[in-house]
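1. everything below, folded, please.
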Amino acid sequence: MSILDKAKIGNSVQVNLELSKDRLTKEIIDAINISSVGKISDFRITDGKGIGVVLQLSNGSEQWFFEDEIDLLDENGNVIKKINDSKEKNSVIFNSLRKLNYKNKHKISELLNPINFFLWLVVSFKDIF
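-> From the prediction side, this is the model:
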């Protein structure tokens with residue numbers, strides 16, 4: 001489950017400055033250093049990475065952040081842990097594929113073996129998902 005599935009306008013979130021420092025202005029960085037907590041004022045489609053969050057910061061300014069740059073806070077101000085419930089990662093097959101290892105083959109006969117190729121292909125694709 002994505003953090004944005006739980007987030008609503010008006011919720012408090014904490015900004016992880018280390019993940020977003022390289023693209024922020026000095027004024028925004030100073031505001032986050034004073035208080036890293038902001039309130040969600042809107043959602044915005046980002047540059048292909050999904051949906052971002054527009055936050056109202058402690059100095060009253062607004063800035064948008066990617067989903068991975070913020071942590072949702074509960075009523076008490078504690079960070080709500082991110083849960084990654086994607087169907088692939090919960091499946092038995094996917095978890096068993098994570099345990100596979102591919103060792104480089106040096107002989108031509110090992111390289112041409114379709115089973116070794118398939119094993120290499122599966123191990124290569126498991127990092128994508």
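
2. domain assignment for the protein?
-> Residue ranges for each domain of the chain read 3-72, 87-126, as given by automatic domain parsing.

3. what sits against residue 74?
-> residue 80 (CB atoms under 8 Å, 6 or more residues apart in numbering). Any C-beta I mention is one placed from the backbone N, CA and C, and that applies to glycine too.

4. secondary structure element holding the residue lying closest to residue 11 once chain neighbours are set aside?
-> Among residues not flanking residue 11 along the chain, residue 40 sits closest, at 5.0 Å (CB to CB, 6 or more residues apart in numbering). Element membership of residue 40 [criterion: DSSP states H and E] is strand 37-45.

5. what's the separation between the residue lying farthest from the centre of the chain and residue 116?
-> Centroid-distance maximum for the chain: residue 109 at 41.1 Å, with CA atoms, centre = their mean. Separation of residue 109 from residue 116 (CB to CB, to the nearest Å) stands at 10 Å.

6. in what helix or strand does residue 118 lie?
-> Applying DSSP H and E, one finds residue 118 within helix 114-126.

7. surely residue 70 meets residue 17?
-> No - Residue 70 lies out of contact with residue 17 (CB atoms under 8 Å); the separation is 10.6 Å.

8. okay, the two: which has more neighbours?
-> Set residue 70 next to residue 17 and count neighbours by other CB atoms under 10 Å: residue 70 wins out with 23 against 14.
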